[in-house]
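Visitor: Provided below are the primary sequence and the corresponding predicted coordinates.
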Amino acid sequence: MTSQLNVDTIVDKAGSGGTNIKVGNTATYVSDGGNVTQNTVQGLTKAWAEYVQKGTQTIGDSFNVGSLTDNGTANTSLNFTNSMSNTDYSTSGGMQIDSWNSWIINYQGHGTGTVQQVIGAGTGPTQSDHDNVYFMMMGDLA
């Protein structure tokens with residue numbers, strides 16, 4: 001027999017409004033149309049960052065990215081706070097550009113604790129550092 005809990009709000013014991021809810025890896029949600037269920041935890045972004053490459057590389061804001069390693073011009077390693085369970089994860093990124101050149105973001109060195117992001121011009125081997133670079137990753141945490 002299954003149980004169902006119907007409530008409007010969940011709060012902590014003190015009634016202050018905030019609470020921590022733990023969701024197991026088997027938790028599912030129902031799609032907007034109601035016909036499909038998906039695993040909630042697997043569908044979450046596991047890491048993201050906004051950072052600056054020009055000058056001293058700095059993280060503006062991030063989730064699960066603890067530090068950067070400057071590997072040279074337009075070449076940055078993002079180091080995860082919590083490692084991935086394997087190297088079969090998906091990465092995506094972007095950057096703010098000063099001109100309408102074609103730029104390519106290449107990901108190298110997929111490790112469980114780090115990934116290398118290299119930015120180059122799509123029309124040749126030219127690489128240059130950028131002010132605002134964006135990164136996100138999806139996959140399985142360790």
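Guide: Right, received. Where do you want to start?

Visitor: strand partners (parallel or antiparallel) of the lowest-mean-pLDDT helix or strand in the chain?
Guide: The least trusted helix or strand in the chain, going by mean pLDDT, DSSP states H and E, turns out to be strand 103-108, with a mean of 82. Neighbouring strands of strand 103-108 in its sheet, by DSSP bridges, are strand 114-121 (antiparallel).

Visitor: rounded mean pLDDT for the helix or strand following the partner strand, please.
Guide: Note on strand 114-121: by DSSP states H and E, the next helix or strand toward the C-terminus is strand 133-138. Summarised as a single mean, pLDDT over strand 133-138 is 93.

Visitor: which secondary structure elements does strand 133-138 contact?
Guide: Packing contacts for strand 133-138, counted by 3 or more Cβ pairs under 8 Å, 6 or more residues apart in numbering; DSSP states H and E, involve strand 47-52, strand 90-95, strand 114-121. C-beta coordinates here come from the backbone N, C-alpha and C atoms, glycine included.

Visitor: could I get the buried residue list for the longest one?
Guide: Read that as strand 114-121. Residues of strand 114-121 classed as buried: 114, 115, 116, 117, 118, 119, 120 (neighbour count, 16 or more other Cβ atoms under 10 Å).

Visitor: off-centre distance for it?
Guide: Remark: strand 114-121 is offset 15 Å from the chain centroid, using Cα atoms, centre = their mean, to the nearest Å.

Visitor: do you know how far residue 67 is from residue 39?
Guide: Noted for residue 67: a distance of 30 Å to residue 39, by Cβ to Cβ, to the nearest Å.

Visitor: just residue 25 next, same as before
Guide: Between residue 25 and residue 39 the computed distance is 7 Å (Cβ to Cβ).

Visitor: tell me what residue 75 is bridged to.
Guide: residue 118.

Visitor: tilt between the least confident helix or strand of the chain and strand 90-95?
Guide: On the basis of axes from the mean of the first three to the mean of the last three Cα atoms, to 10 degrees, strand 103-108 is oriented at 150 degrees to strand 90-95.

Visitor: ok, residues contacting strand 103-108?
Guide: Residues from elsewhere that reach strand 103-108 (Cβ atoms under 8 Å, 6 or more residues apart in numbering): 91, 93-95, 97, 115-122.
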